[in-house]
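Trainee: Only the shape, not the letters, is given here:
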DNA sequence: ATTGATGCAAAAGATTTGCAAACTG
DNA sequence: CAGTTTGCAAATCTTTTGCATCAAT
C-alpha cells in the first residue's frame, strides 16, 4: 500500500465518523505514514514542522491521539516512562524487542505466542482486546560489540 | 517470606552495594513490601506519609527508583501513560491482564509463553534481560456485568 | 451559518535536580 | 569527619485544556 492510499483510508474513515478533514490532520496523518520508524509525540511534532512550521503542538497531540483511538496508530511504552508510536495500517501485528544498550527496536512475530495468550486469557475468563509484549535486553549488534570490547581489553 | 525478612534482604544488598541505610529508605522499603497491590509513585508517597508525614516526595521517588534499579521492584506501564509498581522479592515472575473497564490487574503465568519468548529472541540473536507482557481487555466480572445489563435492557 | 478545529498560552501531572543542612558509617 | 542522603523548591518534560478565532461542511 502506498502512503497516499493509507492517508485516504484514514480520511474516509474519519469523515465517516463525522470528523472534519483539515489541512493539519492531513499533514499529521501523512507524516505518521511517512515515518517508518518509531517516533515520540515530540518527534512527530518536529517532523510536521519541517513541512509546515506553523502547526501547533496541541493539534499534533490531538491528531495523534485521534489516530490512536481510531486504531491507525499504536503507542508503545519504552519502559523508562517514554512512549513511542508507530502506524498500523498495512502493517501486520507484531511484538517488540528493545535493546537496553543502543535503544534499537526490533519487530517480531510468533504465531504460537499469540495462541498461548488466548489460552491463558480463556483460563481467566478474560477477553483480550489488544496486547503488548516487549522483550528488553541486548541486541545482536551490541552483544557482538561487547564481546569484541572485552577481548581487546 | 515475612515482610521483615524481605526488608532485611534489601538492606543487606544495599549496604553491600555501598549505599547507606537511612530511616527513610527503611520506611519506603517497608511500605513497598507491605503493599500487596500495584501502586503508583504518588500512592507510595501517600502510604509512606501515613507512617511519617515528613518524608519528602524526592526521597520516595529516589528510593523507589533505587529499588527498581536493584531489581526489588518492577515498573508496569498501564498503557494510558501511567506507571504502577510492584515488589518482586519472594514474588515469582508473572505477566498481567489489565481490564479496560474496571481497571483491575490480574496476574498470570504460562510456562510455554516464557519458552516461546526465548525461542523468538534466539532467532534474532537477542538476549532477554526482562520482559513485559500485558493483555488489555475485559475481565470476567465486567463481561458478566455487561451481559446482564444488555439482557435487562 | 453552524459547529467543529486550531493556536496560543497557561495549566496540569509526574518526575528530576541543585543546593544547603542533616545524618551515616 | 568525610561523603551521602535528605528536604525543599524550582526546574523539566510531556501532555492537556480553556478560550477566542478560524475554517469545513
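Mentor: On my side now, so go ahead. Predicted model, so just to flag it, every value in this text is computed and none were measured.
Trainee: Which helix or strand lies directly C-terminal to the lengthiest strand in chain A?
Mentor: If each strand of chain A is counted by residues according to DSSP state E, the longest one is strand A:127-138. Next in sequence after strand A:127-138, counting helices and strands by DSSP states H and E, comes helix A:140-152.
Trainee: could you say what helices and strands that following helix packs with?
Mentor: Of the remaining helices and strands, none touches helix A:140-152 by 3 or more Cβ pairs under 8 Å, 6 or more residues apart in numbering or on different chains; DSSP states H and E. All C-beta atoms are positioned from the backbone trio N, CA, C, and that covers glycine.
Trainee: repeat that for 10 Å
Mentor: Applying 3 or more Cβ pairs under 10 Å, 6 or more residues apart in numbering or on different chains; DSSP states H and E, we find helix A:140-152 packed against strand A:95-99, strand A:127-138, strand B:127-138.
Trainee: Check which residues of it are buried.
Mentor: A:142-143 (16 or more other Cβ atoms under 10 Å in any protein chain shown).
Trainee: Report the residue spans of chain A with pLDDT below the cut-off.
Mentor: Counting by pLDDT under 70, chain A contains low-confidence ranges at A:1, A:152-153.
Trainee: Could I get the full set of helices for it?
Mentor: Here chain A has its helices, by DSSP state H, at A:3-16, A:23-34, A:41-51, A:57-69, A:111-123, A:140-152.
Trainee: Please work out which of these is packed deepest.
Mentor: For the helices of chain A, the stretch with the most neighbours on average is helix A:23-34, a mean of 20; neighbours defined as mean count of other Cβ atoms under 10 Å in any protein chain shown.
Trainee: tell me the angle of that one relative to helix A:3-16?
Mentor: The directions of helix A:23-34 and helix A:3-16 differ by 130 degrees, with axes from the mean of the first three to the mean of the last three Cα atoms, to 10 degrees as the criterion.
Trainee: Stretch A:3-21 near DNA strand D at all?
Mentor: Yes: with Cβ under 7 Å from any atom of the strand as the criterion, DNA strand D is reached by stretch A:3-21 at A:15, A:20-21.
Trainee: hang on, the earlier thing: could you point out which of the helices of chain A sits nearest residue B:106?
Mentor: Each of the helices of chain A was checked against residue B:106 via Cβ to Cβ, and the shortest separation belongs to helix A:111-123, namely 9.5 Å.
Trainee: relative orientation of that closest one and helix B:111-123 in degrees?
Mentor: Orientation check (the same axes, to 10 degrees): helix A:111-123 against helix B:111-123 gives 160 degrees.
Trainee: Against which helices or strands is helix A:111-123 packed?
Mentor: Contact partners of helix A:111-123 among helices and strands, from 3+ Cβ pairs under 10 Å, 6+ apart: strand A:127-138, strand B:95-99, strand B:105-108, helix B:111-123, strand B:127-138.
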